[in-house]
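Novice: Output the structure for:
(2 chains)
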There are 2 protein chains.
Amino acid sequence: MVDIGSDLERVFHPRSVAVVGASASFGKWGQMIFSNIVAGKFPGRIFPVNPKETSLYGLKVYSRMQDIPEEIDLAIVTTPAATVPEVLAACGEKGVKGVVLITSGFGETDQAGKRLEREIVALCRAKRIRLIGPNTMGILSPHSSLFATGTHSRPRTGEVAFVSQSGNLGNQLIHWAESQNIGISLFAGSGNEAMISCVDYLRYLEGDPRSRLITLYLENIADGRAFLETALRVNRSKPIVVLKGGRTEAGMRAAASHTGSMGGRDAIFRAVCRQAGVALVNEPLELLDLSAGFSSLPLPKGNRVGIVTLGGGWGVVTADACNERGLQVPSLPDVMVAEIGRLLPDFWSRGNPVDLVGTRDLEVPLVAVESLLRWDGVDSVISLGIVGRVEMVRLLIQSTREVDPQAQPAVLDELEAMAGAYEVRYIQRIVELMERYEKPVLGVSLARSDKGVVRSVPGGRYSGVFYQSPESAVRTLASMAAYARLLER
Amino acid sequence: MVDIGSDLERVFHPRSVAVVGASASFGKWGQMIFSNIVAGKFPGRIFPVNPKETSLYGLKVYSRMQDIPEEIDLAIVTTPAATVPEVLAACGEKGVKGVVLITSGFGETDQAGKRLEREIVALCRAKRIRLIGPNTMGILSPHSSLFATGTHSRPRTGEVAFVSQSGNLGNQLIHWAESQNIGISLFAGSGNEAMISCVDYLRYLEGDPRSRLITLYLENIADGRAFLETALRVNRSKPIVVLKGGRTEAGMRAAASHTGSMGGRDAIFRAVCRQAGVALVNEPLELLDLSAGFSSLPLPKGNRVGIVTLGGGWGVVTADACNERGLQVPSLPDVMVAEIGRLLPDFWSRGNPVDLVGTRDLEVPLVAVESLLRWDGVDSVISLGIVGRVEMVRLLIQSTREVDPQAQPAVLDELEAMAGAYEVRYIQRIVELMERYEKPVLGVSLARSDKGVVRSVPGGRYSGVFYQSPESAVRTLASMAAYARLLER
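Specialist: Numbers count the residues shown, from 1 in each chain, chains lettered A, B, ... in the order given. All right, here's what the predicted structure looks like:
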């Protein structure tokens, strides 16, 4: 029998949602969550509940859960802690499947809070209500257009699941994921995990066809053995990436005051993760880097990298980063030197990294990338500096407009359009090449872009991924190679 | 006697500039550099030189250097390698003080190129011409409004000098520096360093009153002893930060093919830097992080950090990062717990990190930061999540506009304006607090911002610095604390 805690389908994909504590008062939790659900265009029924209101945003407001005339799959509760037992009792009466309990003031506070938390968990178990939280900042379920967080980020639908024991950290990373165009299948701020723990989420996500990668921010694992067993199994079908807070004495002290319980020895947790083959990262933004790569690219079959660069220095720092992360940058055999050399001036690097010596020929970068992909000497390619060059071209065009009275505006317009179109075509071709050779190509844009790290291509099995800096590409590739090795064992 | 190689004042602050090879042909080096100088509004005289043109951008074009009727401080040369000896001879005749030789095809190519390079160096020495390059992508001198690179980034005037042995890497980092609002005093792509080496730049920058921080990207140091001696001395008055390319076998191979010479054993270089107290970074973006911090903040007097956070998880990962980088996060004594606790709900963290538990009270974050700064138990403060919150508020306001028919647009407008104004005021107060207590406050915005990492305040001795993620703040603070320790020795 599967514990109901792992049966979260109706929680993340409800047909109807009640918001208990819904409010029009700007900035209250009941307003932030309710307005997000409505503005996010949740397609199911939405029932605001609040005895002090009759209508909100054009929707009828109910005084109590019991007054709602239809079935409710999910209730999102923002009312004060003292009211929660009564609200949950009403949820039980209505046959609500799941509750997201935003409210704080439970186990994270004091002894009375802990008692109250035990009480509501017992209540939920008795009524077979799946309880997320308490003290959570909400959930997102893009595949069902359910955006139930206080932060109004609405990332695109995708394959990355993210469960965070810190709501704030989770919401900020989702905000970044949205701006980086990383597709999200599910987000849960797991709050105090009074009933549904990180292990339950893993079990649910194991069978969730929408999720292909599982990312976790953890401070505390209540049941280390269950986590190990589950992670070990799940990780073989879906890579798990963990950022663990409380790795040091100062971090553990902070975590203890944050989630109200000691996270245990970090060394033990690391050993457990290593045993399960789980990827451990140390920095929040690494979670996003790995999310972009794992969800958009084919896995490399080994750790050998071909590097293509427009500028020598970037090739050098990328080669360094590869070696420092355990990736090999093999030398090119003569036949490859001859093949790629046909395109390049005599004094090219004749090696790996392939330095394109600032070439302007638009075909050369693609031919160089394809030559490397075709070669059985590398398992992946890092391509530096093609995507993003359009920004530099734009700056040059802008200056030229300002200072050259002879320049024809229409010609400059066309140059700008061509540079933009080339970038789009380059990304498309890279995606096609990944499909043909089943090897990942990680791009590095070396320029700020408002288009995000992930560049989707219509109909592509994969997506282009263009990091801002080499180290993001390299650490992602190293992690993907390690995962691929694990699968071979 | 100071070698002329270190006397670069007229090169970086010329009264007149000749561009040999200036062109209107879009995308040629002679066009990119020339248009940048003109569009960048260089206030001195500009003399394009090109026998095939008579007028460019409204300026008279000269056939030869010798035809220019005025004195020339700096010549920027983009004509092919074979023409360079003649051009340099003409420069010598004109008494040109310095040449930036963009042209490639010298020592970085083959034996003939190396011979030609020796020849032009001898020629420059004989004529007392300071030669930057060859094979450089140009220089920037914002204090003199001289922007002579092919990349049209024009960072604001500031105190960070950056010398790069890779033009491409240098230009990209300058592009980022501009978008991060990091102030630049000087940029030089040092190219092949045929005459003027990184040691010469160090000697010049030592006496340059505009530069307070020196950052270097190095692949190869021709004279290790001179570098050590100079860096050791200069670093005591101006911190030096180095990104060294070629740390690994793959990186060294790449560097050898890039700059045409082996960089020597990395272990030795690291030992030299450690001896000189020079900060070594491994990632290009770290150069920018450290540039922002060193140039904008007071130095910490020790390695103890107070952390103020809006969300528990961010406090945890920041505390971890501090400990992992050798920074201490001391516990708060009872008197501090009492002082800060007056502002916060009963269940606050009562420790360091100070978790503001999502407070909306606008005064609380500032009071918490000031309490920590006043306390003699910490040498610095990291403040997480206040700046950047305005982005979240904007999203919420946007949703509310969309879904709440009762919401008054004028009220929402005012809320948005207030959130923006609060951020500006917060930054101003942080800068004032840094002046009062002479301790650095490093912000972490946790949100994308188009305002950049450095937020200047009119009349402030320091600037606000708000990194995107905690690790950037922590690694910068750790580096600044190490530098402060060095000065005490």
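Novice: Domains in chain A, by residue range?
Specialist: Chain A breaks down into these domains under automatic domain parsing: A:4-294, A:299-488.
Novice: Could you dump the ones you listed into a markdown table with distance to chain B added?
Specialist: In short, each C-beta sits where N, CA and C put it, glycine included. Formatted as a markdown table, these follow (distance: least, C-beta to the nearest C-beta, whole Å):
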| stretch | distance to chain B |
| --- | --- |
| domain A:4-294 | 2 |
| domain A:299-488 | 2 |
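Novice: could I get the ones you listed as CSV with mean pLDDT and mean neighbour count?
Specialist: Converted to CSV, the domains of chain A look like this (pLDDT from 0 to 100; neighbours: other C-beta atoms under 10 Å in any protein chain shown):
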stretch, mean pLDDT, mean neighbour count
domain A:4-294, 94, 21
domain A:299-488, 93, 20
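Novice: For B:Pro409, which of these is the nearest?
Specialist: Of all the domains of chain A, domain A:4-294 sits nearest to B:Pro409, with 12.6 Å by C-beta to C-beta.
Novice: what distance separates the start and the end of the closest one?
Specialist: One end of domain A:4-294 to the other measures 30 Å (C-alpha to C-alpha, to the nearest Å).
Novice: so how far is that domain from its chain's centroid?
Specialist: 15 Å (C-alpha atoms, centre = their mean, to the nearest Å).
Novice: Now render the domains of chain A as CSV, adding distance to B:Gly293.
Specialist: Below are those laid out as CSV (distance: least, C-beta to C-beta, whole Å):
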stretch, distance to B:Gly293
domain A:4-294, 17
domain A:299-488, 18
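Novice: Out of these, the one nearest B:Ile184 is which?
Specialist: domain A:299-488 (16.0 Å).
Novice: what's the nearest residue to the residue in chain A sticking out farthest from the centre if we skip its chain neighbours?
Specialist: Centroid-distance maximum for chain A: A:Gln406 at 48.7 Å, with C-alpha atoms, centre = their mean. Counting by C-beta to C-beta, 6 or more residues apart in numbering or on different chains, A:Gln406 lies nearest to B:Ala24, which is 6.2 Å off, once chain neighbours are set aside.
Novice: Then A:Tyr422?
Specialist: Per C-beta to C-beta, 6+ apart, closest to A:Tyr422 is A:Leu362, 5.6 Å.
Novice: Next, the one you found: phi, psi?
Specialist: phi -70, psi -20 (degrees, to the nearest 10).
Novice: strand partners of the longest strand along chain A, parallel vs antiparallel please.
Specialist: Selection of the longest strand in chain A by residue count, based on DSSP state E, yields strand A:157-164. Partners of strand A:157-164 in the sheet, by DSSP bridges, are strand A:184-189 (parallel), strand A:213-218 (parallel).
Novice: what about the ones you listed, which gets the closest to A:Leu243?
Specialist: strand A:213-218 (4.9 Å).
Novice: after that closest one, next one along is what?
Specialist: Using DSSP states H and E, the helix or strand that follows strand A:213-218 in sequence is helix A:224-237.
Novice: Direction included, what does the following helix or strand past that next one pair against?
Specialist: Counting by DSSP H and E, the next helix or strand C-terminal to helix A:224-237 is strand A:240-244. Its sheet considered, strand A:240-244 pairs with strand A:213-218 (parallel), strand A:279-281 (parallel) by DSSP bridges.
Novice: mind saving the C-alpha coords of strand A:240-244 as PDB?
Specialist: The C-alpha coordinates for strand A:240-244 follow below in PDB (Å, rounded to 0.1, in the frame of the first residue of the first chain):
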ATOM      1  CA  ILE A 240      18.400  14.000  -8.300                       C
ATOM      2  CA  VAL A 241      20.400  17.200  -7.600                       C
ATOM      3  CA  VAL A 242      20.600  18.400  -4.000                       C
ATOM      4  CA  LEU A 243      21.700  21.700  -2.400                       C
ATOM      5  CA  LYS A 244      22.200  20.900   1.300                       C
END
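Novice: relative orientation of it and helix A:224-237 in degrees?
Specialist: Here strand A:240-244 runs at an angle of 140 degrees relative to helix A:224-237 (axes from the mean of the first three to the mean of the last three C-alpha atoms, to 10 degrees).
Novice: Contacts made by strand A:240-244 with the rest, please.
Specialist: Strand A:240-244 is contacted by residues A:202, A:213-219, A:231, A:234, A:263, A:266, A:269-270, A:273, A:276, A:278-284, A:286-287, A:290-291, A:294, A:479, B:317 when judged by C-beta atoms under 8 Å, 6 or more residues apart in numbering or on different chains.
Novice: how about a cut-off of 6 Å?
Specialist: A:Ile214, A:Thr215, A:Leu216, A:Tyr217, A:Leu218, A:Ala231, A:Val278, A:Ala279, A:Leu280, A:Val281, A:Leu287, A:Leu290 (C-beta atoms under 6 Å, 6 or more residues apart in numbering or on different chains).
Novice: Out of the strands paired with strand A:240-244, the one nearest A:Gly107 is which?
Specialist: Using C-beta to C-beta, the nearest of the strands paired with strand A:240-244 to A:Gly107 is strand A:213-218, at 16.6 Å.
Novice: tell me which element A:Val308 is part of?
Specialist: strand A:305-309.
Novice: which helices and strands sit right next to that strand?
Specialist: Packed against strand A:305-309 by the contact rule (3 or more C-beta pairs under 6 Å, 6 or more residues apart in numbering or on different chains; DSSP states H and E) you find helix A:312-324, helix A:363-374, strand A:380-384.
Novice: Now do the second one: distance to the chain's middle.
Specialist: Going by C-alpha atoms, centre = their mean, the spacing between the C-alpha centre of helix A:363-374 and its chain's C-alpha centre is 30 Å.
Novice: before we move on, what about the last one?
Specialist: Centroid displacement of strand A:380-384 relative to its chain, using C-alpha atoms, centre = their mean, is 22 Å.
Novice: Within the sheet, what are the partner strands of it, with directions?
Specialist: In the sheet, strand A:380-384 lines up with strand A:305-309 (parallel), strand A:441-444 (parallel) (DSSP bridges).
Novice: which one is A:Val390 nearest to, not counting chain neighbours?
Specialist: In this structure, A:Val390 finds its nearest non-sequential neighbour in A:Ala419, 4.5 Å apart by C-beta to C-beta, 6+ apart.
Novice: Provide the secondary structure category for that neighbour.
Specialist: helix (DSSP: H, G, I helix; E, B strand; the rest coil).
Novice: That one against A:Met392, yeah?
Specialist: No. If you go by C-beta atoms under 6 Å, A:Ala419 and A:Met392 don't touch, sitting 9.0 Å apart.
Novice: still on that earlier bit, next, the angle from the strand holding A:Val308 to helix A:363-374.
Specialist: Using the same axes, to 10 degrees, strand A:305-309 lies at 180 degrees relative to helix A:363-374.
Novice: contacting residues around strand A:305-309?
Specialist: With C-beta under 6 Å, 6+ apart, strand A:305-309 has contacts from A:315, A:318, A:322, A:327, A:329, A:352-355, A:368-369, A:372, A:378, A:380-384.
Novice: And for stretch A:427-444?
Specialist: Contacts for stretch A:427-444 (C-beta under 6 Å, 6+ apart): A:297-298, A:300, A:366, A:370, A:373, A:380-384, A:387, A:455, A:457, A:460-462, A:464-467, A:470, A:473, A:477.
Novice: 7 Å instead?
Specialist: With contact meaning C-beta atoms under 7 Å, 6 or more residues apart in numbering or on different chains, stretch A:427-444 is reached by A:293, A:297-298, A:300, A:366, A:369-370, A:373-374, A:379-385, A:387, A:455, A:457, A:460-467, A:469-470, A:473, A:476-477, A:480.
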